[in-house]
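K.L.:
need a 3D model of the sequence below.
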Amino acid sequence: MPDSAGSVFLADCPARLAIDIFTNKWAVVVLFALSRGPRRHGELVDLVGGISRKVLTETLRRLQGYGLIERRAYAEAPPRVEYSLTDLGQTLTEPIAALTDWAKTYGDAVANFQEAAQQDSTSGT
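P.N.:
Next up, the predicted model:
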(Lines give C-alpha, C1' and ligand atoms only; values in the text may rest on other atoms or scores of the structure.)
Protein backbone atom coordinates (compact mmCIF):
# COMPACT_ATOMS: atom_id res chain seq x y z
CA MET A 1 0.00 0.00 0.00
CA PRO A 2 1.44 3.44 -0.89
CA ASP A 3 2.51 5.64 1.99
CA SER A 4 0.35 8.71 2.40
CA ALA A 5 0.69 11.73 4.63
CA GLY A 6 -2.23 10.54 6.77
CA SER A 7 -0.65 7.17 7.49
CA VAL A 8 2.23 8.68 9.46
CA PHE A 9 0.21 8.51 12.68
CA LEU A 10 -1.25 5.01 12.30
CA ALA A 11 -0.86 2.63 15.23
CA ASP A 12 2.19 0.85 13.85
CA CYS A 13 3.96 3.97 12.60
CA PRO A 14 7.34 5.08 14.01
CA ALA A 15 6.12 8.68 14.28
CA ARG A 16 3.84 7.62 17.11
CA LEU A 17 6.82 6.33 19.04
CA ALA A 18 8.53 9.73 18.74
CA ILE A 19 5.34 11.46 19.82
CA ASP A 20 5.03 9.09 22.78
CA ILE A 21 8.55 10.00 23.90
CA PHE A 22 8.16 13.75 23.37
CA THR A 23 4.74 14.10 24.96
CA ASN A 24 6.13 13.01 28.32
CA LYS A 25 7.44 16.31 29.66
CA TRP A 26 9.80 14.65 32.08
CA ALA A 27 11.35 12.45 29.39
CA VAL A 28 12.39 15.46 27.31
CA VAL A 29 13.72 17.32 30.34
CA VAL A 30 15.70 14.29 31.56
CA LEU A 31 17.11 13.68 28.08
CA PHE A 32 18.15 17.33 27.94
CA ALA A 33 19.79 17.09 31.38
CA LEU A 34 21.70 13.99 30.33
CA SER A 35 22.86 15.68 27.12
CA ARG A 36 25.31 17.56 29.34
CA GLY A 37 26.94 14.31 30.49
CA PRO A 38 26.37 11.41 32.89
CA ARG A 39 24.40 12.17 36.05
CA ARG A 40 23.50 10.43 39.27
CA HIS A 41 19.87 10.10 40.35
CA GLY A 42 20.16 12.79 43.03
CA GLU A 43 21.89 15.16 40.62
CA LEU A 44 19.03 14.71 38.17
CA VAL A 45 16.44 15.45 40.87
CA ASP A 46 18.24 18.70 41.69
CA LEU A 47 18.94 19.63 38.07
CA VAL A 48 15.46 18.92 36.73
CA GLY A 49 13.58 20.48 39.64
CA GLY A 50 9.94 19.76 40.37
CA ILE A 51 10.21 16.02 39.71
CA SER A 52 9.76 13.49 42.48
CA ARG A 53 12.28 10.71 42.94
CA LYS A 54 9.59 8.16 42.07
CA VAL A 55 8.61 9.89 38.81
CA LEU A 56 12.28 10.32 37.90
CA THR A 57 12.89 6.60 38.46
CA GLU A 58 9.87 5.73 36.29
CA THR A 59 11.06 8.14 33.58
CA LEU A 60 14.59 6.74 33.64
CA ARG A 61 13.26 3.18 33.34
CA ARG A 62 11.02 4.17 30.42
CA LEU A 63 13.90 5.87 28.61
CA GLN A 64 16.14 2.89 29.31
CA GLY A 65 13.44 0.64 27.85
CA TYR A 66 13.52 2.70 24.65
CA GLY A 67 17.30 2.29 24.48
CA LEU A 68 17.84 6.04 24.90
CA ILE A 69 19.76 5.98 28.17
CA GLU A 70 21.95 3.52 29.99
CA ARG A 71 22.27 2.86 33.70
CA ARG A 72 25.77 2.11 34.90
CA ALA A 73 26.30 0.76 38.42
CA TYR A 74 29.81 1.00 39.84
CA ALA A 75 31.10 -1.54 42.35
CA GLU A 76 32.06 0.99 44.99
CA ALA A 77 31.23 1.59 48.61
CA PRO A 78 28.83 3.29 48.81
CA PRO A 79 27.35 2.10 45.52
CA ARG A 80 27.25 4.64 42.71
CA VAL A 81 24.85 4.60 39.76
CA GLU A 82 25.05 6.96 36.82
CA TYR A 83 22.75 7.52 33.89
CA SER A 84 23.89 8.65 30.47
CA LEU A 85 22.61 8.91 26.93
CA THR A 86 23.24 6.02 24.59
CA ASP A 87 24.30 6.68 21.01
CA LEU A 88 20.62 6.43 20.10
CA GLY A 89 19.72 8.89 22.86
CA GLN A 90 22.36 11.31 21.55
CA THR A 91 20.38 11.52 18.30
CA LEU A 92 17.61 13.33 20.19
CA THR A 93 19.77 16.23 21.36
CA GLU A 94 19.25 18.14 18.10
CA PRO A 95 15.42 17.83 18.07
CA ILE A 96 15.31 18.79 21.76
CA ALA A 97 17.53 21.82 21.04
CA ALA A 98 15.14 22.80 18.23
CA LEU A 99 12.18 22.60 20.64
CA THR A 100 14.12 24.64 23.18
CA ASP A 101 14.90 27.31 20.57
CA TRP A 102 11.21 27.39 19.58
CA ALA A 103 10.20 27.84 23.22
CA LYS A 104 12.71 30.68 23.67
CA THR A 105 11.42 32.40 20.55
CA TYR A 106 7.67 31.83 20.94
CA GLY A 107 7.17 31.03 24.62
CA ASP A 108 6.18 34.59 25.49
CA ALA A 109 3.63 34.65 22.66
CA VAL A 110 2.04 31.44 23.94
CA ALA A 111 1.99 32.74 27.52
CA ASN A 112 0.47 36.05 26.37
CA PHE A 113 -2.22 34.23 24.41
CA GLN A 114 -3.05 32.04 27.42
CA GLU A 115 -3.22 35.08 29.69
CA ALA A 116 -5.53 36.91 27.27
CA ALA A 117 -7.75 33.84 26.91
CA GLN A 118 -7.93 33.52 30.70
CA GLN A 119 -8.90 37.18 31.04
CA ASP A 120 -11.56 36.81 28.33
CA SER A 121 -13.06 33.78 30.04
CA THR A 122 -13.20 35.48 33.46
CA SER A 123 -14.62 38.72 32.09
CA GLY A 124 -17.34 36.91 30.16
CA THR A 125 -16.35 38.13 26.69
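
K.L.:
please count neighbours and contacts with C-alpha atoms only from this point.
P.N.:
Fine.

K.L.:
number of residues surrounding Asp20?
P.N.:
Under the neighbour criterion other CA atoms under 10 Å, Asp20 is assigned a count of 11.

K.L.:
mind checking how far it is from Pro95?
P.N.:
Per CA to CA, to the nearest Å, Asp20 is found 14 Å from Pro95.

K.L.:
cool, Phe113 as well?
P.N.:
Per CA to CA, Phe113 is found 25 Å from Pro95.

K.L.:
list the contacts for the nearest residue to Ser52 once chain neighbours are set aside?
P.N.:
Among residues not flanking Ser52 along the chain, Val45 sits closest, at 7.1 Å (CA to CA, 6 or more residues apart in numbering). Applying CA atoms under 8 Å, 6 or more residues apart in numbering to Val45 gives the contacts 51-53, 56.

K.L.:
buried subset of those residues?
P.N.:
Buried by 16 or more other CA atoms under 10 Å: Leu56, out of these.

K.L.:
which of the contacts of Val45 lies closest to Glu76?
P.N.:
Arg53 (22.1 Å; CA to CA).

K.L.:
the closest one and Arg61: what is the separation?
P.N.:
Going from Arg53 to Arg61 by CA to CA gives 12 Å.
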